[in-house]
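Chemist: Everything below, folded, please.
(chains A and B)
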Amino acid sequence: MRQAIPASRATAHAVPKAISDRTICGLFMAPALAILILMVAYPFISLLYYSTLNFSILNPAKGSEFIGLENYTRLLSRESVWERFVFTGQFVLATVVVQFCVGVAVAYAFQRNFRGRDLLFTIAMLPMMLCPIVVGFLWRYMFNSEWGVVNYLVTLLGFVKIDWLGVPGNALWAVVIADAWMWTPFVILLATAAFRGIPTDINEAAEIDGASPFFRFTRVTLPMSMPILLIAFLLRLIDAFKQSDLFFAMTGGGPGSDTETVAFRLGKIAFSHFYTGQASAFAVIMLVIIIGLSLIFVRLLTQQGRQD
Amino acid sequence: MTKKTWMGGASAAVVLAMAGLSSPAGAAETLTFIWHAGTCADAVVNIAKDYPDKNVSIVPALVPYGPEWHNKIASEFAIKGDGFDFAMWDSQSTAEFAGGGHAYSINKVFEESDYLKPELFDPASLARYGEYPDGSGQYWGLPINQDAYGFMWRKDLFEDPEEQAAFKEKYGKDLKVPQTYQDAKEIAEFFTRPDEGLFGWGQMGGREYDFATTASNSFMWSFGGELYNPETFEAKGYLNSPASVDGVQFYVDMFEYGPPGSQNWGWDEVNAAFQQGKLAMAMQWYYFNGSNSDPKINKFAEVTGFGNLPGAIGRDGKFRRQYSVGGQGMGINTYSKKIPQLVKFMEWYFQPEQQKRYAAVCQTGLKSVLDDPEWQGLNSYNKHFAKALEYTNDYWHLPEYNVLLDILQEEVSNAISGKKTVQEALDDAAERHEETFEDAGYEIVRSDETPEVPDTVIAPVGKDQVEELPTD
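Modeler: Here you go, the predicted model:
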């Protein structure tokens, strides 16, 4: 039996469209766009504007002076700023490589079935759930050269105590260890997800064809999980580039300013020195670098997608 | 109990708990203060619980000691916010906050209050913790918590007859609590025995906040050095003068008699090492004497001596004893909407009755309590503290203080780590300080020549004889 069409629906069909689909689409998007403009575009434009001023937000009575690109030229002409970029690069390279080598290896080990695997996996995830500043202070005490547990283990192995945080080279590795301890679980998590997403029959087929475990890992598992691993790499790269909490807690940026990352220096200029104009310019420079790095990896990701 | 009743009860409990959170003890008004967490902040909170006006409660917003403490106050000022009503800030921050127009004038408080008057405080304390510009008579903070760099030592080691005999044999003089850094160095060397887990000297050298410079400045001033010339704004020739270099060099050399890695220490590590019996002597703030004299915290508390830091005989043959002032002034947020209520609270809080309670654990700024023999006899170190304030010195009282401090921290840290020589580090610090002065608009008036011992022309304190301070 044919059902009666509700009056309102029938009317809707009868009346010609007053608002186009495009307008409706725009109206639906408008709130989200407004929020986006308010939360992203406005601060970004303000940041660009402040970066052209000689201005301190803590001392508004002094006023602000438009100085064009002088904040940028002053920053980029300082050797000490370039040293911070070089140090940050060293840190990013070291910590991301360590996290990926360890993270991917552990995630691969977690593919095997063994007793207590899930419990162990959960425990392995714990470090990344801690507050970075707490992790920093924890490792600071563990690396204490006189009574820290790390040097205790070092002496048990028959070596002399190491001044972990007082020597620039050692301090870099001390923070890399702390950062890797905290964030390798993130790589494990994503790598595990990537590995588990590979259909088992592909690996089984390779195994039947006589492929060795190493061959299967390098020729099957890794290539097939590459998109997710690249995303993990990108996220860790950006995050490592912004690292400052661990350095703040473990070394205070010292000795001298040898372990100051660019994010650490930016935080100091912005919220300790309150050189608002200069800090804005520094933030823009950092943003450009991060966007540049992101674009490289997004391109890689796209290429990978096309190959697949 | 039915589900409905249970949920109703739980909701009521949540609402009550939230009411309790927003307004402690049912008080109608809250006065929030920012300080670094610790014994003294706890003392203020405990004393404030007895404030007779139960409509007002004091709410602490505590942060760890260090840059985030300064930054929390500064950030609120930057947005002209009233997230706190008053704050305890470092003496040297007064210029920065008052200069920016964020601090409420204490002179106004003095005018409006019947009780709060400048006479309640030692003029030097009032100037140290609240005056800006220097010598202007304009105050922006009250000395709520005075502090000075102090000295502690292991009495059991110093009074051991065998140690005394061995020291006499090696150095040809009696082993006694040092009055000069030159003596301290010999004693530190004598007690440095890594095989026994004992070291002669503990001091801060960390890069964070003001750890390295509060210590190194104490040496620098004692040797006759200065940070800058406040009249001409010259840093070159003052901060890197021969006397300044002597002092900082002596400080850097003292790390030889500390545990390995002590170059990175803050006050926490100095305390920990001393409390574990690893140090024969240590520089430490008076602030920590309460915990370091507590046998529950320091197993050597019964045999720990407390007193004032040594001085030094400078290259001009003069003796000077100068060390960093610590402590905080209590400043009022000019954007607070509760200043009248706050002033009433301050009138109560700065009464001797409350200040005696505070002074039982920390160092008050109220003169009548400081001068009270009862307070001075309360423990083994109060009487020394009363004397200590005569020898304190401070950083630049300038709004650019935080930038200047960061530069000096960095360069002194470079000298400690050996990346630069002391001369190179102080040359660079002086250069960068002058750049900061120029950027801030100060005119640097260059002198034809700068003094070898800047103290002789800035604020001379040199004495011909070593001035012995009691060590009992």
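Chemist: Where does residue 32 sit, in terms of helix or strand?
Modeler: I'll assume chain A. helix A:21-36 (DSSP states H and E).
Chemist: Please refer instead to chain B.
Modeler: Going by DSSP H and E, B:Thr32 is in strand B:29-36.
Chemist: packing partners for that strand?
Modeler: helix B:39-48, strand B:56-63, helix B:67-78, strand B:86-90, helix B:339-349 (3 or more Cβ pairs under 8 Å, 6 or more residues apart in numbering or on different chains; DSSP states H and E). Bear in mind the C-beta positions are built from the backbone N, C-alpha and C, glycine included.
Chemist: For A:Ala281, which of these is the nearest?
Modeler: helix B:67-78 (17.9 Å; Cβ to Cβ).
Chemist: and the closest one, average pLDDT?
Modeler: Helix B:67-78 shows a mean pLDDT of 92.
Chemist: cool, and stretch B:99-113?
Modeler: Mean pLDDT, stretch B:99-113: 96.
Chemist: need the contact list for whatever residue of the stretch 151-300 of chain A ends up closest to chain B.
Modeler: Going by Cβ to the nearest Cβ, chain B is nearest to A:Gly254 of the stretch 151-300 of chain A, at 2.5 Å. Taking Cβ atoms under 8 Å, 6 or more residues apart in numbering or on different chains as the criterion, A:Gly254 is in contact with A:171, B:206-208, B:264, B:409-410, B:413, B:417.
Chemist: And those residues, which two are furthest apart?
Modeler: A:Ala171 and B:Gln409 (15.8 Å).
Chemist: thought A:Arg117 was touching A:Gln111?
Modeler: No - using Cβ atoms under 8 Å, A:Arg117 makes no contact with A:Gln111, being 9.4 Å away.
Chemist: the strands in chain B, which residues?
Modeler: Secondary structure of chain B (DSSP state E): strands located at B:29-36, B:56-63, B:86-90, B:142-154, B:199-202, B:279-285, B:304-308, B:312-313, B:319-320, B:323-332, B:392-393.
Chemist: mind putting those strands in JSON lines, mean neighbour count and mean pLDDT included?
Modeler: JSON lines is the format used below for those (neighbours: other Cβ atoms under 10 Å in any protein chain shown; pLDDT from 0 to 100):
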{"stretch": "strand B:29-36", "mean neighbour count": "20", "mean pLDDT": "96"}
{"stretch": "strand B:56-63", "mean neighbour count": "18", "mean pLDDT": "95"}
{"stretch": "strand B:86-90", "mean neighbour count": "26", "mean pLDDT": "95"}
{"stretch": "strand B:142-154", "mean neighbour count": "25", "mean pLDDT": "96"}
{"stretch": "strand B:199-202", "mean neighbour count": "25", "mean pLDDT": "98"}
{"stretch": "strand B:279-285", "mean neighbour count": "25", "mean pLDDT": "98"}
{"stretch": "strand B:304-308", "mean neighbour count": "22", "mean pLDDT": "97"}
{"stretch": "strand B:312-313", "mean neighbour count": "25", "mean pLDDT": "98"}
{"stretch": "strand B:319-320", "mean neighbour count": "23", "mean pLDDT": "98"}
{"stretch": "strand B:323-332", "mean neighbour count": "25", "mean pLDDT": "95"}
{"stretch": "strand B:392-393", "mean neighbour count": "22", "mean pLDDT": "94"}
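Chemist: What residues does chain A have near chain B?
Modeler: Residues of chain A found near chain B (Cβ under 8 Å from any Cβ of the partner chain) are A:57-61, A:144-147, A:161, A:163-168, A:251-258, A:268, A:271-275.
Chemist: re earlier: now do the strand holding B:Thr32 against strand B:86-90: the angle between them, please.
Modeler: Strand B:29-36 runs at 10 degrees relative to strand B:86-90, counting by axes from the mean of the first three to the mean of the last three Cα atoms, to 10 degrees.
Chemist: List of residues touching strand B:29-36?
Modeler: B:23-24, B:41, B:44, B:55-66, B:69, B:72-73, B:76, B:83-88, B:328, B:338, B:341-342, B:345.
Chemist: so which of the contacts of A:Gly254 comes closest to B:Glu96?
Modeler: Using Cβ to Cβ, those come closest to B:Glu96 at B:Gln409, 16.0 Å.
Chemist: Count the neighbours of the closest one for me.
Modeler: Using other Cβ atoms under 10 Å in any protein chain shown, the number of residues around B:Gln409 comes to 26.
Chemist: for it, what are its contacts?
Modeler: Here B:Gln409 is in contact with A:254, B:207, B:209-213 (Cβ under 8 Å, 6+ apart).
Chemist: how does it look with 6 Å?
Modeler: By Cβ atoms under 6 Å, 6 or more residues apart in numbering or on different chains, the contact set of B:Gln409 is B:212-213.
Chemist: returning to what we had before: mind checking the helices and strands packed on strand B:29-36 for the one nearest to A:Arg78?
Modeler: Ranking the helices and strands packed on strand B:29-36 by proximity to A:Arg78 (Cβ to Cβ) places helix B:67-78 first, at 21.5 Å.
Chemist: and the angle from the closest one to strand B:86-90?
Modeler: Helix B:67-78 runs at 130 degrees relative to strand B:86-90, counting by the same axes, to 10 degrees.
Chemist: And the residue of the stretch 101-250 of chain A that's closest to chain B?
Modeler: A:Ser145 (2.7 Å).
Chemist: from memory that residue sits against B:Gly261, does it?
Modeler: Yes - contact between A:Ser145 and B:Gly261 holds when scored by Cβ atoms under 6 Å: they sit 2.7 Å apart.
Chemist: Return every residue with contacts to both of those two.
Modeler: When contacts are counted by Cβ under 6 Å, 6+ apart, A:Ser145 and B:Gly261 have A:Asp163 as shared neighbours.
Chemist: Using the record's domain definitions, break chain B down for me.
Modeler: Split into domains by automatic domain parsing, chain B comes to B:22-148+B:326-393, B:170-324+B:398-458.
Chemist: Deepest-packed of those domains, please.
Modeler: domain B:170-324+B:398-458 (a mean of 21; mean count of other Cβ atoms under 10 Å in any protein chain shown).
Chemist: distance between the ends of that one?
Modeler: End-to-end span of domain B:170-324+B:398-458 (Cα to Cα, to the nearest Å): 39 Å.
Chemist: burial count for A:Gly197?
Modeler: Here the number of neighbours of A:Gly197 (other Cβ under 10 Å) works out to 11.
Chemist: Pick out the shakiest of the domains of chain B, pLDDT-wise.
Modeler: Among these, domain B:22-148+B:326-393 scores lowest, with a mean of 93.
Chemist: Out of the helices and strands packed on strand B:29-36, flag the one nearest chain A.
Modeler: Here helix B:67-78 is closest among the helices and strands packed on strand B:29-36 (Cβ to the nearest Cβ), at 4.4 Å.
Chemist: Mind putting the strands of chain B into a markdown table with distance to B:Lys236?
Modeler: Formatted as a markdown table, these follow (distance: least, Cβ to Cβ, whole Å):
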| stretch | distance to B:Lys236 |
| --- | --- |
| strand B:29-36 | 34 |
| strand B:56-63 | 36 |
| strand B:86-90 | 26 |
| strand B:142-154 | 27 |
| strand B:199-202 | 31 |
| strand B:279-285 | 28 |
| strand B:304-308 | 32 |
| strand B:312-313 | 23 |
| strand B:319-320 | 22 |
| strand B:323-332 | 23 |
| strand B:392-393 | 20 |
